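Trainee: Have a look; sequence and predicted model below, questions after that.
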Amino acid sequence: MPLRSALVAAVLLLGGCVSSYVLVGRARPAISPDLVQLYLHPPAGKYEEIAILDTSSRDSFSFTAQGKADAVVVRLKREAAKLGANGVLLQDIGDQAVGSVAAGVGTGVGGGHGSVGVGVSSSDTKFQKSGRGLAIYVEPDQPR
């Protein structure tokens, strides 16, 4: 029975992850996320590819588009740092629909000569930001 509990806990823990990666190179010892540089274009000079990173702003408590994008960048840097990458080459940040909320209300009145009905409804799609980047290691003597 303890093994079953451990398996359930592992599944729940993995299901709650908001970041993932696929190694495409060699991981290095972890570093501080503060040391990870964000690149919009490949850095000049030589760099080593370590992993493809995917993350989202899910559960970030950010409400604005900028706040959600910032959460994605922080998470990309955190994942890269765990793999020893000192850079993230940003590939994409975009919106991802994660659900919707809808509400409606209606009423009707009927009589001997006819009936009248009135209804109002509203719906809203909820979005989160998702992002992808390439964790890289840039040689320290190279320009960043």
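Mentor: That came through, no problem.
Trainee: The lengthiest helix in the chain - what's its average pLDDT?
Mentor: Assignment by DSSP state H gives helix 65-82 as the longest helix of the chain. Mean pLDDT, computed over helix 65-82, is 94.
Trainee: What of stretch 136-144?
Mentor: pLDDT averaged over stretch 136-144 gives 77.
Trainee: distance of residue 140 from residue 25?
Mentor: 17 Å (Cβ to Cβ, to the nearest Å). In this view, the C-beta of every residue, glycine as well, is placed from N, C-alpha and C.
Trainee: make that residue 107, sorry
Mentor: Taking Cβ to Cβ as the measure, residue 107 falls 63 Å from residue 25.
Trainee: And residue 88, by the same measure?
Mentor: For residue 88, the distance to residue 25 - Cβ to Cβ - is 14 Å.
Trainee: circling back: residue 140 and residue 25: which has the busier surroundings?
Mentor: Higher neighbour count among residue 140 and residue 25: residue 25, with 15 against 7, using other Cβ atoms under 10 Å.
Trainee: Quick check, that one in contact with residue 50.
Mentor: Yes. Look at residue 25 against residue 50 with Cβ atoms under 8 Å: they come within range, at 4.5 Å.
Trainee: Identify the bridge partners of the spatially most central residue of the chain.
Mentor: Centroid-nearest residue in the chain: residue 56, 0.5 Å away (criterion: Cα atoms, centre = their mean). Under the criterion DSSP bridges, residue 56 forms beta bridges with residue 130.
Trainee: Quickly note the distance from it to residue 32.
Mentor: From residue 56 to residue 32 the distance is 23 Å (Cβ to Cβ).
Trainee: Kindly report the same for residue 110.
Mentor: Applying Cβ to Cβ to residue 110 and residue 32 gives a distance of 70 Å.
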